[in-house]
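> sequence and predicted structure below; questions after.
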Amino acid sequence: MKRWLFHVAALVFLVCCLALSALWVRSASWMDTYTASSDSYESAGWGVMSADGELSFHLAYLKFASDRNVEGWSHHKVESWGVGDPVYVFPGFRLYDDTDYRSDFMHVYIAYPWLIYLFAALPILWCFAAYRRRRIQQRRRRGLCTACGYDLQGSEGNSCPECGTVRQQAANPNGTEGAYNSL
Ligand SMILES: [Zn+2]
């Protein structure tokens with residue numbers, strides 16, 4: 001992967017992670033919903049809801065026109081939101097299939113901590129990669145083996161006598177090795 005792409009992706013994921021954390025805190029007392037649907041007879045629509053520590057996605061197929069069919073954003077205090085029994089449950093994840101004579105609904109609820117872990121993975125990986133790059137640069141400057149830290153000053157040969165890593169003295173001005181370039 002190109003390194004700049006990794007930097008940009010890590011930054012975007014970090015911003016998402018912070019935004020999800022803020023929404024998580026807000027969801028304890030507020031229910032925010034966005035609904036996109038049409039008022040026409042037999043319409044399909046979708047919505048997103050943030051409430052009660054969960055982010056949820058809703059797909060609907062309405063068999064009759066309904067005054068519940070409100071488009072746009074809405075914000076209210078959290079209230080109970082009954083949709084029957086889930087058809088699939090996994091810790092932090094619930095799936096509902098809510099079908100009756102009026103409508104066909106599909107609801108997916110995902111707990112915020114899962115989403116936050118998901119988006120935190122890349123920024124954490126970025127921190128590890130940055131730390132490793134920095135350590136390699138420091139070892140190279142001090143004349144140490146970049147892999148194991150063995151002092152190569154005064155030693156002969158093209159590879160580290162301790163671990164066998166081939167020496168790459170100032171050949172790569174970026175201070176990185178092939179293995180680390182993959183990130
Ligand atoms: Zn070594």
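Arrived safely, thanks for sending. Not measured: the values here are computed from a predicted model.

> what's the residue nearest the centre of the chain in contact with, if anything?
By C-alpha atoms, centre = their mean, the mean C-alpha position of the chain lies nearest to Phe119, the distance being 2.1 Å. Counting by C-beta atoms under 8 Å, 6 or more residues apart in numbering, Phe119 touches Phe13, Leu14, Cys16, Cys17, Leu20. Glycine gets a C-beta too; all of them are placed from N, C-alpha and C.

> same question, Ile116
Ile116 is in contact with Cys17, Leu20, Ser21, Trp24, counting by C-beta under 8 Å, 6+ apart.

> cutoff 6 Å now
Cys17, Leu20, Ser21 (C-beta atoms under 6 Å, 6 or more residues apart in numbering).

> against Ala129, how distant is it?
From Ile116 over to Ala129 the distance is 21 Å, taken as C-beta to C-beta, to the nearest Å.

> quick check: buried residues in stretch 143-153?
Within stretch 143-153, the residues that count as buried by 16 or more other C-beta atoms under 10 Å are Leu144, Cys145, Thr146, Ala147, Leu152.

> show me which pair in the residues you listed is furthest apart.
Pairwise distances across the buried residues of stretch 143-153 peak at 10.8 Å for Ala147 and Leu152 (criterion: C-beta to C-beta).

> quick one: which of the contacts of Ile116 is nearest to the ion?
Using C-beta to the ion, Cys17 comes nearest to the ion of the contacts of Ile116, at 36.2 Å.

> break the protein down into its domains, please.
Domain segmentation of the chain under automatic domain parsing yields 3-115, 142-183.

> quick one on the thing from earlier: CSV please, covering the contacts of Ile116 and showing distance to the ion and secondary structure.
Listed next are the contacts of Ile116 as CSV, based on distance: C-beta to the ion, whole Å; DSSP: H, G, I helix; E, B strand; the rest coil:
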residue, distance to the ion, secondary structure
Cys17, 36, helix
Leu20, 42, helix
Ser21, 41, helix
